[in-house]
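*Asks:* Mind looking at a prediction? Sequence and model below.
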Amino acid sequence: MKIFSCIISIFFLFSYMQAQVITNFENDSLDGWRSEGDGKYYIEAGVGNPGICMRIDDDATGDTNLGIAPFPYLGNWTSADTTDSIMVDVFLSKISGSITPDLWVFRISGPGGSATSPGVTLTPEVWEHFSVSLDSSVWKLTTGNWDDLMAYVNHLEVRAEFINGDEFVRFDNIKLTFTPEIVPILPPVVSDFENGLYE
């Protein structure tokens with residue numbers, strides 16, 4: 001019985017160490033992903049990498065389109081180390097205009113600060129895989145400090161606009177290689193929308 005209990009404990013420890021958060025849209029659902037900006041977003045079947053994916057259309061009429069991560073991706077990220085990463089597959093389709101070079105793919109933010117991933121230049125009409133280590137030396141800290149930011153990431157954005165003009169972008173296989181710890185929200189909770197965001 002003790003041997004069996006030990007095996008079960010090792011299994012759960014290994015499972016915990018391998019925990020991750022992933023969205024591949026294969027259940028024909030956005031799974032809480034949404035977009036902010038001037039474009040519409042929806043599920044698209046048969047054109048993912050593979051199967052089903054999320055698509056965001058850019059009408060080039062206003063704000064930059066950003067994919068916004070759902071709750072499972074948010075919280076305390078301090079359990080992540082430099083071997084952990086965040087990743088996404090991106091397909092850019094250019095309709096008009098020119099490609100903007102050297103743009104971040106991921107932006108994380110919270111009460112302790114904000115940071116962006118290294119700049120990239122996408123190639124249209126092919127799936128590209130982006131994986132960024134959660135090593136502070138890789139990211140560009142725009143406000144605050146890394147440790148405070150990792151303590152509570154309450155916003156994860158994936159860029160969905162890489163063209164100075166019309167385009168659409170597909171996302172697939174969005175993944176964190178660890179599971180964030182839930183951070184309880186303590187009252188009072190107030191939204192006054194004075195920062196111009198949906199919060």
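*Replies:* Received, thanks. Small disclaimer: the values here were computed from a predicted structure and weren't measured. Residues are numbered from 1 along each chain as shown.

*Asks:* Going along the chain, name the strands of the protein.
*Replies:* 21-23, 34-36, 41-48, 51-58, 66-68, 85-94, 98-99, 106-110, 113-116, 127-133, 140-144, 155-159, 163-164, 167-176 (DSSP state E).

*Asks:* Select, out of these, the one closest to Ser191.
*Replies:* strand 155-159 (14.0 Å; C-beta to C-beta). (Each C-beta comes from the backbone N, C-alpha and C, glycine too.)

*Asks:* Other residues contacting stretch 55-71?
*Replies:* Among residues not part of stretch 55-71, those counted as contacts by C-beta atoms under 8 Å, 6 or more residues apart in numbering are 31-44, 54, 96-97, 107, 155-161, 163, 165-171, 174.

*Asks:* Can I get stretch 93-106 as CSV, trimmed to CA atoms?
*Replies:* C-alpha atoms of stretch 93-106 as CSV (Å, rounded to 0.1, in the frame of the first residue of the first chain):
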residue,chain,number,x,y,z
SER,A,93,-2.5,37.7,-44.4
LYS,A,94,-1.7,41.0,-46.0
ILE,A,95,-4.6,42.7,-47.8
SER,A,96,-3.1,46.2,-48.4
GLY,A,97,-0.4,48.4,-47.0
SER,A,98,3.1,47.6,-45.8
ILE,A,99,4.5,45.3,-43.1
THR,A,100,5.7,47.1,-39.9
PRO,A,101,9.0,45.7,-38.8
ASP,A,102,10.3,44.8,-35.3
LEU,A,103,7.0,44.6,-33.4
TRP,A,104,6.4,42.7,-30.1
VAL,A,105,4.2,39.7,-30.1
PHE,A,106,3.4,39.4,-26.4
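
*Asks:* Report the buried residues of that stretch.
*Replies:* Residues of stretch 93-106 classed as buried under the neighbour-count rule (16 or more other C-beta atoms under 10 Å) are 93-94, 99, 103-106.

*Asks:* Rounded mean pLDDT for it, please.
*Replies:* If you average the pLDDT over stretch 93-106, you get 95.

*Asks:* Please determine how far Gly119 is located from Thr142.
*Replies:* Using C-beta to C-beta, to the nearest Å, Gly119 is found at 13 Å from Thr142.
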